[in-house]
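*Asks:* Give me the fold of what follows.
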Amino acid sequence: MSYFRKLDSQLAKMLALFERDKKWLILINADPDALGSAMALKRIMSYRVADVGIAHVNEVTRPDNLSMIRYLNIPTQRLTPAIAESYDRYAMVDSQPHHHVDFKQFHFSIVLDHHPLVEDKPVEAEYKEIKPEYGSCSTLLTEYLHNLNIRPGKLLATALMYGIKSDTSSFERNFCDVDVKAFRYLSKHADHNLIRKIVRSEFRLEWLHYFSQAFAKLRIQKNGAHIYLGEVDNPDILVILADFFLRIHEIVWATVAGVFGDTLIVIFRSDGVSREVRELGKKADQLFGDVGSAGGHATMARAEVKLDDIPDDDPEAFTLSRLGLS
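*Replies:* From the prediction side, this is the model:
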């Protein structure tokens, strides 16, 4: 029995898209899983096309993400119109086109993801594979490398291994047997000291004052917690606070919202056990998808809405209304 799925005919279809005179750009909403997956797809494309670049649509500020990019030499750059125009074809990993407003301007030839599909927002691409049962997109790309007989180098194996570790929360949330197999396979080639170094980079000193603000603004709703922080210097603090409050024994769901630049961002988290707060990715899309971009997993999701699209110029009231907490 093969260690991974046999994908010969499937991958032949993807490889047929690669022309030696074309330049490809891999677009991501940067997090550890997306970074590892993009690095792997770039490796697959290498020597098959004229050039491969990686660009992220979000501002990368979380310490673990910055450490990952730095220590693993991931050549990603912030997406700009000039960068986009210098490439011929586009690929996406660990996302779908409706997940971020900046994705909507592109036609993607390749889409590889593990987030749940949204029925009324189909993914269109010459080649696509969406595996919601997988705990990470890095698992899918590890399968591809194995099928193509590409042994991942130390930095690539470390990136993919950390992508799996991050998106499965060290196998504490949704994962399947293939995730475990991929993690075990990568562990033979990865640098575990580098992984420990990246893991330890979690907080910034200047973020601590947001915790005191969060405690002051905390709203308990039955067995859940909601916080509206207002303007924030960094949207990653919203994620960190949502994860933090979900660790409280009586809390089974948490939503943390704030404004970064010209955008309202709402982070959703749940324990995955309570029936009323399952399928958060679909829930986020139902609540905010008509006015912005939204998506995610069953237990974690994110929505973004431009302030210009919020009525009465009151993002807090808008958020409470949409969440049914007003």
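*Asks:* okay, CA-based contacts and neighbour counts for the rest of this
*Replies:* Noted.
*Asks:* now the strands: where do they sit in the chain?
*Replies:* Remark: strands assigned in the chain by DSSP state E are 23-28, 51-56, 76-78, 89-93, 110-113, 127-130, 219-221, 224-231, 253-260, 263-270, 293-296, 300-306.
*Asks:* mind putting those strands in JSON lines, distance to Lys282 and mean pLDDT included?
*Replies:* Shown next, in JSON lines, are the strands of the chain (distance: least, CA to CA, whole Å; pLDDT from 0 to 100):
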{"stretch": "strand 23-28", "distance to Lys282": "20", "mean pLDDT": "98"}
{"stretch": "strand 51-56", "distance to Lys282": "24", "mean pLDDT": "98"}
{"stretch": "strand 76-78", "distance to Lys282": "28", "mean pLDDT": "97"}
{"stretch": "strand 89-93", "distance to Lys282": "19", "mean pLDDT": "98"}
{"stretch": "strand 110-113", "distance to Lys282": "16", "mean pLDDT": "98"}
{"stretch": "strand 127-130", "distance to Lys282": "16", "mean pLDDT": "96"}
{"stretch": "strand 219-221", "distance to Lys282": "21", "mean pLDDT": "90"}
{"stretch": "strand 224-231", "distance to Lys282": "18", "mean pLDDT": "94"}
{"stretch": "strand 253-260", "distance to Lys282": "15", "mean pLDDT": "94"}
{"stretch": "strand 263-270", "distance to Lys282": "11", "mean pLDDT": "93"}
{"stretch": "strand 293-296", "distance to Lys282": "7", "mean pLDDT": "85"}
{"stretch": "strand 300-306", "distance to Lys282": "9", "mean pLDDT": "91"}
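*Asks:* Reformat those as a markdown table; add mean neighbour count and distance to Glu119.
*Replies:* Formatted as a markdown table, the strands of the chain follow (neighbours: other CA atoms under 10 Å; distance: least, CA to CA, whole Å):
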| stretch | mean neighbour count | distance to Glu119 |
| --- | --- | --- |
| strand 23-28 | 24 | 22 |
| strand 51-56 | 20 | 26 |
| strand 76-78 | 16 | 30 |
| strand 89-93 | 24 | 19 |
| strand 110-113 | 23 | 15 |
| strand 127-130 | 18 | 13 |
| strand 219-221 | 13 | 30 |
| strand 224-231 | 20 | 28 |
| strand 253-260 | 26 | 24 |
| strand 263-270 | 25 | 20 |
| strand 293-296 | 26 | 12 |
| strand 300-306 | 24 | 17 |
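*Asks:* would TSV of those strands with distance to Ser201 be doable?
*Replies:* Output for these, formatted as TSV (distance: least, CA to CA, whole Å):
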stretch	distance to Ser201
strand 23-28	21
strand 51-56	20
strand 76-78	19
strand 89-93	24
strand 110-113	26
strand 127-130	30
strand 219-221	29
strand 224-231	24
strand 253-260	22
strand 263-270	21
strand 293-296	24
strand 300-306	21
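*Asks:* Quick check: bridge partners of Glu231?
*Replies:* On the basis of DSSP bridges, Glu231 is bridged to Val259.
*Asks:* For it, which residues are in contact?
*Replies:* Residues near Glu231 by CA atoms under 8 Å, 6 or more residues apart in numbering: 258-261.
*Asks:* where in the protein is pLDDT low?
*Replies:* 1, 274-278 (pLDDT under 70).
*Asks:* before we move on, back to that, among the contacts of Glu231, which pair sits farthest apart?
*Replies:* Taking CA to CA as the measure, the contacts of Glu231 span a maximum distance of 9.9 Å, between Gly258 and Gly261.
*Asks:* can you list the domains in the chain?
*Replies:* Under automatic domain parsing, the residue ranges defining each domain of the chain are 8-199, 206-323.
*Asks:* Many thanks, have a good one.
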